[in-house]
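Student: What follows is a predicted protein model with its sequence.
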Amino acid sequence: MSRGSFGNSGKVWIVGAGPGDPDLLTLKAAALVGTADIIFHDALVNPRILDMARPDTRLVDVGKRGGKPSASQVSIQTRMIRAARQGMRVVRLKGGDPFIFGRGGEECMALWTADIDYEIVPGITSGLAAAACAAVPLTYRSISQSVLFVTGHEAADAPPMDWHHIAKAADTLVIHMGMARITEVQNALIAGGRHPDTPVLAMQWATLPQQRHVYAKLSDLTDAIHEAELGSPAILIVGEVVRLSQQLSHGVNPASDDAFGQRQWYLSAVGSA
């Protein structure tokens, strides 16, 4: 989506780089990377995607990683505006989708306020990618008719997350950036009404060669993650649809048992769908 021309300055494209695998980059995103004068990129953008840029393109790492020194949001926006006013083709390359926990809205607001022309290019968000990689259908008739994407890491100036409300706000929960507070999230979801036996998938580095995942019941989630030595970046998927993953990804017979005791659940929940 473009927001028109505000003058003779350059233009900024807010581009989703997808979950990591360069093959999942959109054609439009790839074309913009290949024609940009300057690219302000997140820390998690795959270097192979940056290799698509012209040799003379300036690459600026403005990534934010928890607990590590990083550029402030205001400074990133200021540098983007300055580059656009110099007449450059500016690409702001963000992991996943710019508008899913990517601060894309904040950056567009800054550009709009500064009368800078900009365009938004969507990307595949990591929550969708993790679900697809593990063959978890986020929606499935009679099992999941609603999905909630939520961050496990709220901004410092934001009100605390109401996990008790979130626990049962949708059939399926997709939690981004929740690993640092995994025990708190686990306990709050159970306290909010999620059954302790609810199946959960935790996936790290979705779509990349180092992708790893673990299945667990909600009550065992923290222990399972620690035992598997999973860390950030990772996605958590909470809900009954996770039970389908082991069948859809490995061809398991729905009538057979598995780690979640599939047989009776499948017959009762899915058999009549």
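Tutor: Sure thing, it's come through.
Student: So Arg48 versus Arg141, what's the distance?
Tutor: According to Cβ to Cβ, to the nearest Å, Arg48 stands 38 Å off from Arg141. Just so you know, the C-beta spots here come from the backbone N, C-alpha and C atoms, and that holds for glycine as well.
Student: Also Asp162?
Tutor: 29 Å.
Student: Over to Pro196?
Tutor: In terms of Cβ to Cβ, Pro196 sits 26 Å off from Arg141.
Student: same question, Glu227
Tutor: Separation of Glu227 from Arg141 (Cβ to Cβ) stands at 34 Å.
Student: Dihedrals phi and psi, Val147?
Tutor: phi -130, psi 140 (degrees, to the nearest 10).
Student: Repeat that for Leu59.
Tutor: Taking degrees, to the nearest 10, you get phi -100, psi 120 for the backbone angles of Leu59.
Student: any idea which residue sits dead centre in this structure?
Tutor: Taking Cα atoms, centre = their mean, the centroid of the chain lies closest to Ser126, which sits 3.3 Å from it.
Student: can you pull the contacts of it?
Tutor: 19-20, 95-96, 176, 206, 233, 235 (Cβ atoms under 8 Å, 6 or more residues apart in numbering).
Student: same check, this time on His213
Tutor: Per Cβ under 8 Å, 6+ apart, neighbours of His213: 130, 133-134, 201-204, 230.
Student: Once you drop chain neighbours, what's closest to Leu173?
Tutor: Using Cβ to Cβ, 6 or more residues apart in numbering and skipping the chain neighbours, the partner closest in space to Leu173 is Val238 (4.2 Å).
Student: Now do the contacts for the one you found.
Tutor: Contacts of Val238 (Cβ under 8 Å, 6+ apart): 172-175, 189, 194, 198-200, 218.
Student: same question, Ile175
Tutor: With contacts defined as Cβ under 8 Å, 6+ apart, Ile175 is in contact with 150-152, 185, 235-238.
Student: swap in Ala228?
Tutor: 202, 212, 214 are the contacts of Ala228 under Cβ under 8 Å, 6+ apart.
Student: By neighbours, which of those wins?
Tutor: Greatest neighbour count in those, by other Cβ atoms under 10 Å, goes to Ala202: 25 neighbours.
Student: pLDDT score for the residue nearest to Ser70 when sequence neighbours are not counted?
Tutor: Distances taken as Cβ to Cβ, 6+ apart put Lys64 closest to Ser70, at 4.3 Å, once the chain neighbours are dropped. With respect to pLDDT, Lys64 has a value of 71.
Student: how close does Lys64 get to Ile235?
Tutor: Distance of Lys64 to Ile235, given as Cβ to Cβ: 18 Å.
Student: mind listing what Asp10 touches?
Tutor: Just so we're on the same page, residue 10 is Gly rather than Asp. Per Cβ under 8 Å, 6+ apart, neighbours of Gly10: 37, 83-90, 117.
Student: Please repeat the previous calculation with a cut-off of 7 Å.
Tutor: Gly10 sits next to 83-84, 86-90 when contact means Cβ atoms under 7 Å, 6 or more residues apart in numbering.
Student: For it, give me the backbone phi and psi.
Tutor: phi -70, psi -160.
Student: What score does it have for pLDDT?
Tutor: Looking at Gly10, its pLDDT is 94.
Student: What of Ser272?
Tutor: The per-residue pLDDT reported for Ser272 equals 47.
Student: where do the strands sit along the protein?
Tutor: 11-16, 38-41, 58-61, 89-94, 117-121, 147-151, 172-176, 199-204, 212-217, 234-238 (DSSP state E).
Student: how about these in TSV, adding distance to Ile76?
Tutor: Formatted as TSV, those follow (distance: least, Cβ to Cβ, whole Å):
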stretch	distance to Ile76
strand 11-16	11
strand 38-41	6
strand 58-61	9
strand 89-94	8
strand 117-121	14
strand 147-151	19
strand 172-176	20
strand 199-204	26
strand 212-217	30
strand 234-238	24
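Student: now for those strands, which one comes closest to Ala158?
Tutor: Distance to Ala158, taken as Cβ to Cβ, is lowest for strand 147-151 among the strands of the chain, at 9.4 Å.
Student: Averaged pLDDT, that closest one. What do you get?
Tutor: In this model, strand 147-151 has a mean pLDDT of 95.
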